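Enquirer: Sharing a model prediction with you, sequence too.
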Amino acid sequence: MPELPEVETVRQTLRQFILKQEILDIDVYYDKIINGDTKEFKRRLAHQHIQEIERVGKYLIFILDHDAFVSHLRMEGKYHIIDSDTPIDKHTHVVFHLSNHQDLRYMDTRKFGRMELVDVHHYLEQVPLKKLGKEPFDIEVKELYQLLHKSSLPIKTALLDQSIMAGIGNIYANEICFEMKIDPRTKASRLSKARVQELKDISVDVLTRAIKQGGTTIHSFDANGIHGLFQVELNAHGKKVCSSCGGPIKKIMLNQRGTYYCPLCQKRRY
Ligand SMILES: [Zn+2]
């Protein structure tokens, strides 16, 4: 699933290609991708220009002349920019025909992604964005400490809770715990202020490095479309050997999510 750095890469890439384009018309091939009334979605957005693309957590917000819509890629969602006369493939569910004779096509093999009209001026106060916590870049340590202390979750699961902090998914949650040298099963409520400060700093650092790597590798689109997934340097997630001590990385399931950690390096609790 694309996380904050990947969605940011998608945002930056799309901006280079579709900003200021007019949406001439929209075809929706799979209604469920649109939350709300599909006809209304198509009618409202036609003939507006894409003025800006913003991102909050893992959500993209397309800002048009008078309206906006939120797009969440979920598991497999991706965008393609392609000539309008290219045949539509079976995984393409929404097509925005643009004034430059190209299409912005939304593809999603698993069909979990969603788009939704929101108020262009108040989208932050609307569902789904209003349920989100702050991003690691913006949250104050004091606030994060309080949220974690109200939580009964293990630290790694708390990192996935978008109402505590927005943007982190399974890959970066594993990486952050690795860099903190913390056992991912440690209760979030046991962390000291100093450890919460460290958690914020490491989260910012891990996400910033990933954005930089994405930003430097992805300047154009390949056949797979723009999904922002790129080869980041990972230390724990999906690994077999610890990059720090050379011991084996262990995989466990924690709240139904694959959790990778080094039992030797990540002994510390609290
Ligand atoms: Zn290790």
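Expert: Received it, and whenever you're ready, just let me know what you need. Residues are numbered from 1 along each chain as shown.

Enquirer: where does residue 82 sit relative to the ion, distance-wise?
Expert: Residue 82 sits 44 Å away from the ion, going by CB to the ion, to the nearest Å. For the C-beta atoms, the positions are set from N, CA and C on the backbone; glycine is no exception.

Enquirer: now do residue 70
Expert: Counting by CB to the ion - residue 70 and the ion are separated by 40 Å.

Enquirer: in the stretch 1-150 of the chain, which spans are strands?
Expert: In the stretch 1-150 of the chain, the segments counted as strands under DSSP state E, counting those that start in this stretch are 23-28, 34-35, 52-56, 59-63, 68-72, 78-83, 92-98, 102-107, 114-118.

Enquirer: and the protein, which of its residues are near the ion?
Expert: 242, 244, 245, 247, 262, 264, 265 (CB under 5 Å from the ion).

Enquirer: Can you name the next helix or strand after the strand or helix carrying residue 201?
Expert: Using DSSP states H and E, residue 201 sits within helix 193-217. Once the chain leaves helix 193-217, the next helix or strand it forms, by DSSP H and E, is strand 250-254.

Enquirer: In its sheet, which strands sit next to that next one, and in what direction?
Expert: strand 257-261 (antiparallel) (DSSP bridges).

Enquirer: The strand it pairs with - what's its average pLDDT?
Expert: Per-residue pLDDT values across strand 257-261 average out to 97.

Enquirer: Can you give me the buried ones in that strand?
Expert: 259, 260, 261 (16 or more other CB atoms under 10 Å).

Enquirer: Check stretch 249-259 too.
Expert: Buried, per 16+ other CB under 10 Å, within stretch 249-259: 249, 254, 259.

Enquirer: Kindly reformat those residues as CSV containing distance to residue 238.
Expert: CSV is the format used below for the buried residues of stretch 249-259 (distance: CB to CB, whole Å):
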residue, distance to residue 238
249, 9
254, 15
259, 11
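
Enquirer: Just the closest of those to the ion, please.
Expert: residue 249 (7.6 Å; CB to the ion).
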